[in-house]
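Trainee: From the sequence below, what's the structure:
(one chain, ligands or ions: 1)
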Amino acid sequence: MIYIHVPFCHRKCTYCAFFSKVESGKWKVESYVDALLEEMRQRRGEQDHPIRTIYFGGGTPSILPLSELGRIVNALHECFDLSRVEEVTLEANPEDLTPEYLEGLNDLHFVNRLSIGIQSLDDKVLRMIGRRHTAQQAIAAVENAYRTGFHNISVDFIYGLPSEFHFWHHKVADLSSIFNFQLVSHVSAYALTVEPGTALAVQVEQGRAVLPDEDEVVGQYERMCRLLADKGFAQYEVSNFCRPGMASKHNSRYWDRTPYLGLGPGAHSFSLFESGSTSVAHVEKRRWNNPDGTFEEETLTEADAFNELVMTALRTTRGLDAAQVQDRYKERLHRMMQPYVDCGWIAVLGERYCPTTEGLLHADGMAAKLFVE
Ligand code: SF4
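Mentor: Numbers count the residues shown, from 1 in each chain. Below is the predicted model of the structure:
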């Protein structure tokens with residue numbers, strides 16, 4: 001699988017700590033694409049697994065003009081065997097998804113899944129967090145995308161935002177008149193986190209933004225889970241919900257620890273290699289535009305690999321497969337999982353420890369207890 005990082009945004013959202021720059025001119029985007037194509041050509045040999053998914057993430061990939069996206073698509077075809085690709089996702093912001101852009105995107109015959117960053121359907125909140133779109137634009141973007149032929153649409157929301165009024169306070173009946181869930185096949189919903197160094201962190205510190213307390217955030221999460229279940233979405237990860245068969249193939253492979261090639265500034269790659277009888281995760285980080293083409297490499301220890309496995313697996317309903325765990329940690333794992341099984345946070349299916357709905361709420365806490373040094 002391939003991840004392509006597009007590091008540009010129209011402007012910085014107040015809560016965002018992702019690596020992105022405010023786009024400052026056509027030439028910047030063009031030189032980014034030139035460098036990306038060069039990187040693809042240099043690294044084409046590193047992808048030794050069949051490519052089944054491609055993901056354009058950011059930043060804001062929909063900032064790319066169609067002509068530049070077309071250049072990237074051509075280079076991908078030139079550099080990689082794409083005959084087995086099943087899913088190509090493009091992250092998009094609602095204001096970019098005009099009917100013309102959507103038509104052009106459809107004409108590329110490449111992207112077959114859109115992930116649209118709606119975040120909130122409250123214009124006041126959207127303004128407060130620095131988003132450029134309105135609720136109406138978000139709804140129109142989803143409707144236009146569906147009408148254009150994109151029938152695998154994921155939407156992103158954030159809960160726990162600084163406001164008294166919030167999307168997830170609505171009753172199901174009210175929501176149906178605001179947002180047509182029939183048009184989307186996937187929902188990602190993330191709890192707001194206040195990252196140091198962001199504008200939001202400053203606002204919170206100065207008392208200009210007031211965050212809901214923990215009970216309210218948990219309440220919003222539970223209302224959201226109930227609402228999405230009513231609408232026919234099954235939860236398959238702490239933050240991800242889908243209609244039957246519509247889970248994100250790309251993200252599911254991350255959680256299964258499938259190797260991937262990350263391209264673009266700051267993108268990580270991940271590969272596995274055998275060391276003696278043990279699979280060792282091997283993570284490499286590539287520095288963008290480094291003139292000598294070098295990149296940072298990090299080899300995970302057995303403990304790191306175990307911790308990473310526990311952290312990602314316990315956030316999914318597929319759960320943690322004890323068969324994937326190194327022998328030296330197995331006995332400890334069984335012993336430490338038993339209390340969670342007893343209290344109903346974990347169900348045991350064969351060799352798998354699968355979080356229940358209640359358990360998903362405690363996934364990070366359970367994982368932290370299991371970490372080894
Ligand atoms: S659009 Fe996305 S990546 Fe860009 S600043 Fe906002 S949250 Fe960050």
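Trainee: When you work out contacts or count neighbours from here on, use the C-alpha atoms and nothing else.
Mentor: Will do.
Trainee: My assumption is that residue 37 lies in a helix; please confirm.
Mentor: Yes - in this structure, residue 37 lies within a helix as judged by DSSP: H, G, I helix; E, B strand; the rest coil.
Trainee: Next one: it from residue 48, what distance?
Mentor: 19 Å (Cα to Cα, to the nearest Å).
Trainee: ok, these two, which is more surrounded?
Mentor: Each of residue 37 and residue 48 has its neighbours counted (other Cα atoms under 10 Å); residue 37 has more, 21 against 13.
Trainee: That one reaches residue 70, doesn't it?
Mentor: No - Residue 37 lies out of contact with residue 70 (Cα atoms under 8 Å); the separation is 11.6 Å.
Trainee: low-confidence ranges in the stretch 201-350 of the chain?
Mentor: Scanning the stretch 201-350 of the chain for pLDDT under 70 picks out 272-296.
Trainee: ok, now with 80
Mentor: For the stretch 201-350 of the chain, the stretches flagged by pLDDT under 80 are 256-257, 266, 271-300.
Trainee: any chance you could map the helices in it?
Mentor: 214-230, 249-255, 302-313, 327-342 (DSSP state H, counting those that start in this stretch).
Trainee: quick one, what contacts the residue in the stretch 51-200 of the chain that the ligand sits nearest to?
Mentor: When distances are taken as Cα to the nearest ligand atom, the stretch 51-200 of the chain reaches nearest to the ligand at residue 59, 3.6 Å away. Neighbour list for residue 59: 5, 6, 7, 8, 9, 18, 19, 20, 21 [criterion: Cα atoms under 8 Å, 6 or more residues apart in numbering].
Trainee: between those, which has the most around it?
Mentor: Highest count within the contacts of residue 59 by other Cα under 10 Å belongs to residue 6, 28 neighbours.
Trainee: Roughly how far does that one sit from residue 75?
Mentor: According to Cα to Cα, residue 6 and residue 75 sit 15 Å apart.
Trainee: Next: residue 129.
Mentor: Per Cα to Cα, residue 129 is found 36 Å from residue 75.
Trainee: Assign residue 85 to helix, strand or coil.
Mentor: coil.
Trainee: can I see the domain layout of this protein?
Mentor: 2-253, 319-373 (automatic domain parsing).
Trainee: quick one: which of those domains has the weakest pLDDT on average?
Mentor: Of all those, mean pLDDT reaches its minimum on domain 2-253 (a mean of 90).
Trainee: Between its first and last residues, how far does that one reach?
Mentor: Its first and final residues considered, domain 2-253 spans 11 Å by Cα to Cα.
Trainee: what about that domain, distance to the chain center?
Mentor: Distance of domain 2-253 from its chain centroid, counting by Cα atoms, centre = their mean, to the nearest Å, is 8 Å.
Trainee: which ones are touching residue 260?
Mentor: Contacts of residue 260 by Cα under 8 Å, 6+ apart are 1, 2, 3, 47, 269, 270, 271.
Trainee: May I ask which two of those are separated the most?
Mentor: 3 and 271 (13.3 Å; Cα to Cα).
Trainee: Tell me which of those two has more neighbours.
Mentor: residue 3 (22 against 19).
Trainee: helices or strands next to the host helix or strand of the more buried one in the packing?
Mentor: Following DSSP states H and E, one finds residue 3 within strand 2-6. Contact here means 3 or more Cα pairs under 8 Å, 6 or more residues apart in numbering; DSSP states H and E; on that basis strand 2-6 packs against strand 53-58, strand 261-263.
Trainee: How about residue 184: what's its closest non-neighbour residue?
Mentor: Leaving aside its sequence neighbours, residue 184 sits nearest to residue 153 (Cα to Cα, 6 or more residues apart in numbering; 5.0 Å).
Trainee: In this structure residue 138 contacts residue 92, no?
Mentor: No - using Cα under 8 Å, residue 138 makes no contact with residue 92, being 10.7 Å away.
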